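Colleague: This is a predicted model, with the sequence first.
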Amino acid sequence: MHPILARRERLLAYLLAWVPLAAIQAYLLALPGSLSIGEAAALAAPLSLVYAFLCLSSFYACRSAPLTRSRTGSVLGVHVVGALIAASLLTLAGSTLASLLGSFPALSTLPERFGKAVPPLFVLGVLLYLLAVTFHYILLSLESSQAAERRAMEARVLAREAELEALKAQLNPHFLFNALNSVSALTTTAPARAREMCVLLSDFLRRSLASGERSLIPLREELVLVRQFLAVERVRYGRRLEVEEEVDESLLSTVVPPLLLQPLVENAVRHGIATLIEGGTVTLRVERAGDGVRVVIENPYDPETPAVAGSGLGLSIVRRRLAAAWGRAAEIDERGDGGRFSVVLVVPAVPAEGE
Amino acid sequence: MNRLRVVVVDDEELARSLVREHLAAHPDVDVAAECANGLEAIEAVALHAPDLLFLDVQMPRLTGFETLELLDPRPAVVFVTAYDRHAVKAFEVNAVDYLLKPFSKARFDAALARARALLATGAKKPDPAALAAAARPEGVPLERIAVRDGTRVTLLPVETVEWVKAEDDYVLIRSGGRNHLKHQTLADLAAQLRATRFVRVHRSWVVNVARLASLEEGRTAVMADGERIPVSRSGAARLKELLPKG
């Protein structure tokens, strides 16, 4: 749909803009001297109205020949041809109108006298058409920049939403209440450990909340968060939860969205270690992968325990956040068989500023 | 006053020690056993026949609910869980009580008092299978059925189940060429199975549609394992809705 025709108030404003143009047209028609100013005005008014609508058609020509993606020659060609056709139609309409008016006895010489006014009318037609072309190009560029802005806005909203979801998952009630229950149990039997647990839990929560405010953090900081989380869980699970790390220290300055790995490690504990009577080891690896950084989180699980509803949520959030940060440059892959589950992430190595 | 025999079941050592500590304040309570999972709980209950069980919901291998279905004899149960609105829902229906972690001493003592009062009246204990069924999230069908032979527990994936037959208070489950008996009503079990897969073809029978070989004269279902199962009029109508047309 044509942007002007789509809304009534836009069409009205457009036609109003044609009032001065119609006056100029009347002036030019009278200029050769063959027509009186009254006759010129009587001709210019209906002709301008018709031409106003005819010029709207240049929108489609503009859209099919966008300035950014077409060669200058072809753009000019399209519009010059368009202008010549439109101006010809205008003069044709003018002489038809003149001969119609000529059937009135008082105006019987009008068609003959109109002949002299044809050249200025034709030139004006060409100019007005080209003016309309310019106008439509401006309109189109305004629309496309609005669309680009909307897309950028959507990407930002998506990133925020993913962050919020990650934070909410962070403070999942199972984790928090179970940790507090451990504190409650330790208070009488091992007061020093109870205090230690309070500190661990607070450190983890404080860091979670703070990192959620930033869009990217160095991997080093995310790993601190992951270790704090695991430290809290180890108090709870005791010997059932072991942790192994193989980390290439040279990669720790690369940036990742905050709270990217923590939900994956939480899944490894909740849907892996917790399903096993004897528990097991969560393995965390950070290694170089070509130009990027590969992070692997691996855990054993009980294949006979049905997947809990919501276990896929953490992964889908991570996937969305990776896409929001790096598009297709980041990859995530999960695999579960033979009682071992692994998530493999590959992200571009982007060092944090100042490192 | 009679002494109260108690078994504590939780996969977390610290959580067990907390319950134990609260119980220590009651001199007439004996902690008969502590268990770290459902399998241990089933053995301990069979051995000690406790009056009361403190039972965690989220545990490895067997959940608290699955454990509950398999206990024999059946003790009174107080659930101890961090957060489980389905559990809460079940207790509203017919449990002794539940404790949300972390809980206060006063709350713990109140739960113990409730259990004691219930045991003193000799009232019928809530049916654990019905309790477990009520606690299941709505719209999420069962994926496996826990059955027990002595203290040996087997988890049957529901897709391996051919048919289920009601036998008084028990159900007979046919799976993998073997029969398994479980203390549960057919209605309770059927309500938890995927309705598009398992059809109650008769008052006493539920069949797995995927294991149906043929339907003879609309009144007898012949299963893949050769079992011939009677089909009632309404059962036939339910079956026809699910079977491919033509």
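Modeller: Done, it's in.
Colleague: need the next SSE after the strand or helix carrying A:Arg321, C-terminal direction.
Modeller: If you go by DSSP states H and E, A:Arg321 is part of helix A:311-326. Proceeding N to C from helix A:311-326, the next assigned helix or strand is strand A:331-337, under DSSP H and E.
Colleague: Report the mean per-residue pLDDT for that following strand.
Modeller: The average pLDDT within strand A:331-337 is 90.
Colleague: now stretch A:296-313
Modeller: 79.
Colleague: Return the residues in contact with B:Glu143.
Modeller: B:Glu143 makes contact with A:Pro306, B:Pro157, B:Val158 under the criterion Cβ atoms under 8 Å, 6 or more residues apart in numbering or on different chains. (Each C-beta comes from the backbone N, C-alpha and C, glycine too.)
Colleague: strand partners of the helix or strand encompassing A:Leu345, parallel vs antiparallel please.
Modeller: Element membership of A:Leu345, judged by DSSP H and E, is strand A:340-348. Sheet pairing here is set by DSSP bridges, and for strand A:340-348 it gives strand A:292-300 (antiparallel), strand A:331-337 (antiparallel).
Colleague: What residues does chain B have near chain A?
Modeller: Within chain B, the residues that sit near chain A (Cβ under 8 Å from any Cβ of the partner chain) are B:11-15, B:17-18, B:21, B:36-37, B:39, B:58, B:60-61, B:82-83, B:100-103, B:137, B:140, B:143-144, B:155.
Colleague: what about B:Lys182, which SS state?
Modeller: strand (DSSP: H, G, I helix; E, B strand; the rest coil).
Colleague: meant to ask about B:Leu131, not that
Modeller: Put simply, B:Leu131 is helix when judged by three-state DSSP.
Colleague: And the one 10 residues further on, by the same measure?
Modeller: When the structure is split into helix, strand and coil by three-state DSSP, B:Pro141 lands in coil.
Colleague: Tell me how far the closest residue to it other than its chain neighbours lies from B:Glu159.
Modeller: Spatially, and ignoring its direct neighbours in sequence, B:Pro141 is nearest to B:Arg194 (3.8 Å; Cβ to Cβ, 6 or more residues apart in numbering or on different chains). Distance of B:Arg194 to B:Glu159, computed by Cβ to Cβ, to the nearest Å: 10 Å.
Colleague: can you check A:Pro3 too?
Modeller: Taking Cβ to Cβ, one finds A:Pro3 at 58 Å from B:Glu159.
Colleague: Would you confirm that B:Pro60 belongs to a helix?
Modeller: No: counting by three-state DSSP, B:Pro60 is not part of a helix but coil.
Colleague: For it, give me its contacts.
Modeller: B:Pro60 neighbours (Cβ under 8 Å, 6+ apart): A:Ala274, A:Thr275, A:Leu276, A:Ile277, A:Asp302, A:Thr305, B:Asp11, B:Asn37.
Colleague: residues touching the fourth one, list them.
Modeller: Think A:Ile277. Contacts of A:Ile277 by Cβ under 8 Å, 6+ apart are B:Asp11, B:Ala36, B:Asn37, B:Leu39, B:Pro60, B:Arg61.
Colleague: Setting the sequence-adjacent residues aside, check what's closest to the first one.
Modeller: It refers to B:Asp11. Distances taken as Cβ to Cβ, 6+ apart place B:Met59 nearest to B:Asp11, at 4.6 Å, with adjacent residues excluded.
Colleague: what about residue 30, neighbour count?
Modeller: You didn't pick a chain, so chain A it is. 20 (other Cβ atoms under 10 Å in any protein chain shown).
Colleague: please go with chain B instead
Modeller: Residues near B:Asp30, counting by other Cβ under 10 Å: 14.
Colleague: wait, doesn't it sit right on B:Arg5?
Modeller: Yes: if you go by Cβ atoms under 8 Å, B:Asp30 and B:Arg5 touch, sitting 5.4 Å apart.
Colleague: By residue count, tell me the biggest helix in the chain.
Modeller: Chain wasn't specified; assuming chain A. helix A:118-170 (DSSP state H).
Colleague: hmm, I had chain B in mind actually
Modeller: Max-length helix for chain B by DSSP H is helix B:105-121.
Colleague: can you map out the strands along chain A?
Modeller: Taking DSSP state E as the test, the strands found in chain A are A:217-218, A:241-247, A:255-256, A:280-289, A:292-300, A:331-337, A:340-348.
Colleague: what is the orientation angle of the second one with strand A:280-289?
Modeller: In other words, strand A:241-247. 10 degrees (axes from the mean of the first three to the mean of the last three Cα atoms, to 10 degrees).
Colleague: who does B:Ile229 bridge with?
Modeller: B:Ala221.
Colleague: Quick one: neighbours of the closest residue to A:Val296 other than its chain neighbours, just the number.
Modeller: If the residues on either side of it in the chain are set aside, A:Val296 comes closest to A:Arg285, at 4.2 Å by Cβ to Cβ, 6+ apart. Neighbour count for A:Arg285, taken as other Cβ under 10 Å: 16.
Colleague: from what I can see A:Arg285 touches A:Leu251, true?
Modeller: No: assessed by Cβ under 8 Å, A:Arg285 is found out of contact with A:Leu251, at 10.8 Å.
Colleague: what sits in contact with each of the two?
Modeller: With contacts defined as Cβ under 8 Å, 6+ apart, no residue is adjacent to both A:Arg285 and A:Leu251.
Colleague: now the contacts of B:Glu143: which count as buried?
Modeller: Those of the contacts of B:Glu143 that meet the buried threshold are A:Pro306, B:Val158, by 16 or more other Cβ atoms under 10 Å in any protein chain shown.
Colleague: Let's have the contacts of B:Glu143 in CSV, adding distance to A:Leu16.
Modeller: What follows is these, written out as CSV (distance: Cβ to Cβ, whole Å):
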residue, distance to A:Leu16
A:Pro306, 69
B:Pro157, 75
B:Val158, 73
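Colleague: and of the contacts of B:Glu143, the nearest to A:Ser57?
Modeller: Here the nearest of these to A:Ser57, counting by Cβ to Cβ, is A:Pro306; it sits at 63.8 Å.
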